[in-house]
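Visitor: Coordinates for the following, if possible.
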Amino acid sequence: MLSRKVMCNSHGQDSSYFLGWQEYERNPYDPVHNPSGIIQMGHAENQLSFDILESWLESNHEVAEFKSDRGASVFRDMALFQDYHGLTAFKNALADFMAELRGNKVEFDPNSLVLTAGATSANETLMFCLADPGDAFLLPTPYYPGFDRDLKWRTGVEIVPIHCSSSNSFHITKNTLEDAYKRATKRKLRVKGVLITNPSNPLGTTVSRPELETLVDFIASKDIHLVSDEVYSGTNFDGSRFISVAEVTEGQVDLSGQVHIMYSLSKDLGLPGFRVGVIFSANQTVITAATKMSSFGLMSSQTQYLLSVMLADKKFTRKYLIENKRRLKKRHEKLVNGLQRAGITCLESNAGLFCWADTRHLLQPNNFEGEMGLWKKILFNVGLNVSPGSSCHCDELGWFRICFANMSEETLDLAVSRLVSFVESDGGACRRRGRFGLQLRAPAASMAKWVLKLSVPDRKAEQSR
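Guide: Numbering: from 1, shown residues only. Have a look, this model is predicted:
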């Protein structure tokens, strides 16, 4: 009675990444009403600089009231239908802001931008434009768990992993790229491109210029596309400059139609609820098609108007970016130092809203079941929702992504305290009521077989995605 798309199980919702969210929603931590609840550390959301945004809104209240700088109402203009090309003022301001994030080393033509309802829509739209069902994109591991949904579910595109290793801090190499390409062709898949996140989600590292040059040389040699998801481009906090693929390919006209950038205001400005996504491409055929597709997921005119004024305020954007990076660095250091007290080290990182934590020494046993067992203990016994490396398709067991910017400093202190107590209690074999005095709920009976049985066939199915 229903379509195959509805009945198939290719959404990725049975991943531990999404299942952890479900358990958090059943038992969310609240300092007053539910102090023993689960703390959400699986959500890469930036809540550290809301006060700066709110201060700007208070000083520019007429914008939120839909009034122009002359005091005239623009409500009717915003309420009426706007075509899918977007407001010119917003596209101009967004193009300038994207250039500012990249040190003004590159420029973005507003006419080469396509507005979408968030990053998810932008990535899916690019897949529809660049590949047919059954074609493949190569992605370096570990990668964002939501890509199984965003890139594959409705498009029919296959993901082939580029196997990266902790032995070189998960850097992308020519050999790993060639290996992934060979594996794809062996499966008789037509490779249409490579997709990276820069800065990386979940690693929290910026992609180096040599890596970007390797990627550009590779896609040129194979005559395929390169998509760079740069939603975290304003979060680099260690003083090093973020290098966009647009800077590396500057002046290479012959490649301009094969390199595409995706951006969003969800991470840098902490506005995921505003649903602001954008595609940049010098390929006008892609821009034309993506613009038509954007009619299925438009950004509201009200959002565009408000943000066009905010982003055009250069004094504000400079102040915001500097202070936000300072706060991210401080919070990152707080989590890293706290994890060290628990005997857990992190991959050295310089961007993002999370740390890539190494818990391999805590696995009992040292296999997939061991990682899932540790994840369940941390989720149900400790009360922390973190994302296991297997949900990010990491080839090495025992890594976890832990977010730090979506909570108060006090909540982070509590989360670290819980984790320290957990590790100190017989290497993590803590009782239902741990040393930190928590009494957490047992796993819900409705949890998926994928989590409860932890079977080998399920692991193989997860790896095949």
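Visitor: Tell me where the protein has strands.
Guide: Assigned by DSSP state E, the chain shows strands spanning 39-40, 113-116, 136-140, 158-162, 191-197, 225-229, 259-264, 277-281, 345-346, 354-358, 384-385, 387-388, 399-403.
Visitor: who wins for proximity to Val6 among those strands?
Guide: strand 158-162 (20.3 Å; Cβ to Cβ). Backbone N, C-alpha and C define where each C-beta goes, glycine included.
Visitor: average model confidence for stretch 397-416?
Guide: For stretch 397-416, mean pLDDT rounds to 97.
Visitor: er, stretch 68-81 I mean
Guide: Stretch 68-81 comes out at a mean pLDDT of 72.
Visitor: circling back: kindly present the strands of the chain as TSV, with separate columns for mean neighbour count.
Guide: Shown next, in TSV, are the strands of the chain (neighbours: other Cβ atoms under 10 Å):
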stretch	mean neighbour count
strand 39-40	21
strand 113-116	27
strand 136-140	26
strand 158-162	21
strand 191-197	23
strand 225-229	25
strand 259-264	26
strand 277-281	26
strand 345-346	18
strand 354-358	24
strand 384-385	28
strand 387-388	28
strand 399-403	27
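Visitor: Quick check: Asn34 vs Gly383, distance?
Guide: Separation of Asn34 from Gly383 (Cβ to Cβ, to the nearest Å): 10 Å.
Visitor: And Gly277, by the same measure?
Guide: Counting by Cβ to Cβ, the gap from Gly277 to Gly383 is 33 Å.
Visitor: From the rest of the structure, what touches stretch 36-44?
Guide: 17, 20-21, 23-24, 27-30, 201, 267, 352-354, 379, 383-387, 401-407, 411, 414-415, 418, 438-440 (Cβ atoms under 8 Å, 6 or more residues apart in numbering).
Visitor: Just the endpoints, please. Distance across that stretch?
Guide: Start-to-end span of stretch 36-44 (Cα to Cα, to the nearest Å) is 22 Å.
Visitor: do the same with stretch 126-139
Guide: Stretch 126-139 end-to-end distance (Cα to Cα) = 15 Å.
Visitor: to the chain's geometric centre, what's the distance from that stretch?
Guide: Its chain's average C-alpha position is 19 Å from that of stretch 126-139, according to Cα atoms, centre = their mean, to the nearest Å.
Visitor: Could you do stretch 155-173 as well?
Guide: The answer for stretch 155-173 is 16 Å, by Cα atoms, centre = their mean.
Visitor: Can you give me the buried ones in that stretch?
Guide: For stretch 155-173, the neighbour count (16 or more other Cβ atoms under 10 Å) marks 155, 157-164, 170-173 as buried.
Visitor: circling back: Asn34 and Gly383: which has the busier surroundings?
Guide: Set Asn34 next to Gly383 and count neighbours by other Cβ atoms under 10 Å: Gly383 wins out with 28 against 12.
Visitor: so who does the nearest residue in space to Asp217 that is not next to it in sequence touch?
Guide: Spatial nearest neighbour of Asp217, chain neighbours left out: Lys174 (7.9 Å); criterion: Cβ to Cβ, 6 or more residues apart in numbering. Going by Cβ under 8 Å, 6+ apart, Lys174 touches 214, 217-218.
Visitor: which one of the residues you listed sits closest to Asn123?
Guide: Phe218 (20.3 Å).
Visitor: All set, thanks.
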